[in-house]
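*Asks:* have a look at this fold, sequence not included:
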């Protein structure tokens, strides 16, 4: 679910209102804006469990040493770093996102970490609906908390399977809309963003 916040029209004071971002440009702007606090938001929404879930998602891909893997909608790079551990220094990880700010944050994390295998990660600005890769290129693909934010889920899945090698695995991690915990947590986000000075 892509989100942004606007002042309520029924009050003279600022009261955040949850709305959906309709266009890809709106979603891109949102994720660029929240890049500095993106990991904190994931901690908030999942009560910290997203770190465990991400390890499970990477494990399910079956990625192994020497593989070439893709992390679609990589954000700040959590799944990319986990994949890097799996494929090792002789493997290759591509982290793709449509937000330059998210990619910049991911790159800064990569540069601050000491593991040699993390040097096998390449950050690519790109669209999940038009992946800039050849057919059957990747041994495994992940997408963490990204499918709910693309404007055309079917097209995104078609692109993922196009660039995935036959017989390989894609592992998609996301929140379920029916998750009551998520519904409750979402109501906290406006206050959290306001505390971080992101109310304009």
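*Replies:* That came through fine. Keep in mind that this is a model prediction, so the values were computed, not measured.
*Asks:* what is the end-to-end distance of stretch 92-102?
*Replies:* One end of stretch 92-102 sits 20 Å from the other (C-alpha to C-alpha, to the nearest Å).
*Asks:* now it: buried residues?
*Replies:* 92-99, 101-102 (16 or more other C-beta atoms under 10 Å). C-betas here are computed from N, CA, C, even on glycine.
*Asks:* repeat that for stretch 65-76.
*Replies:* 67-76.
*Asks:* state the mean pLDDT of it.
*Replies:* Average pLDDT, stretch 65-76: 96.
*Asks:* distance between the ends of it?
*Replies:* End-to-end distance of stretch 65-76 (C-alpha to C-alpha): 23 Å.
*Asks:* and stretch 80-100, by the same measure?
*Replies:* End-to-end distance for stretch 80-100, by C-alpha to C-alpha: 16 Å.
*Asks:* what mean pLDDT would you report for it?
*Replies:* In this model, stretch 80-100 has a mean pLDDT of 95.
*Asks:* for this protein, which strand is longest?
*Replies:* Of all segments of type strand in the chain, defined using DSSP state E, the longest is strand 164-173.
*Asks:* circling back to that earlier point, closest one to residue 156 out of the buried residues of stretch 65-76, please.
*Replies:* Distance to residue 156, by C-beta to C-beta, is smallest for residue 72 among the buried residues of stretch 65-76, at 7.7 Å.
*Asks:* from residue 108, how far out is that closest one?
*Replies:* 21 Å (C-beta to C-beta, to the nearest Å).
*Asks:* go on, residue 63?
*Replies:* For residue 63, the distance to residue 108 (C-beta to C-beta) stands at 24 Å.
*Asks:* same drill for these two, tell me which one is more crowded.
*Replies:* For residue 63 versus residue 108, neighbours defined as other C-beta atoms under 10 Å are more numerous around residue 63 (28 against 12).
*Asks:* surely that one touches residue 87?
*Replies:* Yes - counting by C-beta atoms under 8 Å, residue 63 touches residue 87, with 5.7 Å between them.
*Asks:* can you list residues touching both of the two?
*Replies:* residue 69 (C-beta atoms under 8 Å, 6 or more residues apart in numbering).
*Asks:* follow-up on the earlier one: contacts for the longest strand of the chain, please.
*Replies:* 53-54, 56-58, 60-62, 79, 136-145, 147, 160-161.
*Asks:* among these, which lie within helices?
*Replies:* If you go by DSSP state H, the contacts of strand 164-173 have 53-54, 56-58, 60-61, 79, 160-161 in helices.
*Asks:* got the contact list for stretch 53-63?
*Replies:* Contacts for stretch 53-63 (C-beta under 8 Å, 6+ apart): 46, 69, 78-79, 82-83, 86-87, 91, 139-142, 144, 168-173.
*Asks:* just stretch 129-142 next, same as before
*Replies:* With C-beta under 8 Å, 6+ apart as the test, stretch 129-142 has contacts from 24, 57-58, 61-64, 67-72, 79, 83, 94, 96, 124, 126, 150-152, 155-156, 159-160, 162-166, 168-173.
*Asks:* quick check: which ranges of the chain have low pLDDT?
*Replies:* Residue ranges of the chain with pLDDT under 70: 1-50, 175-200.
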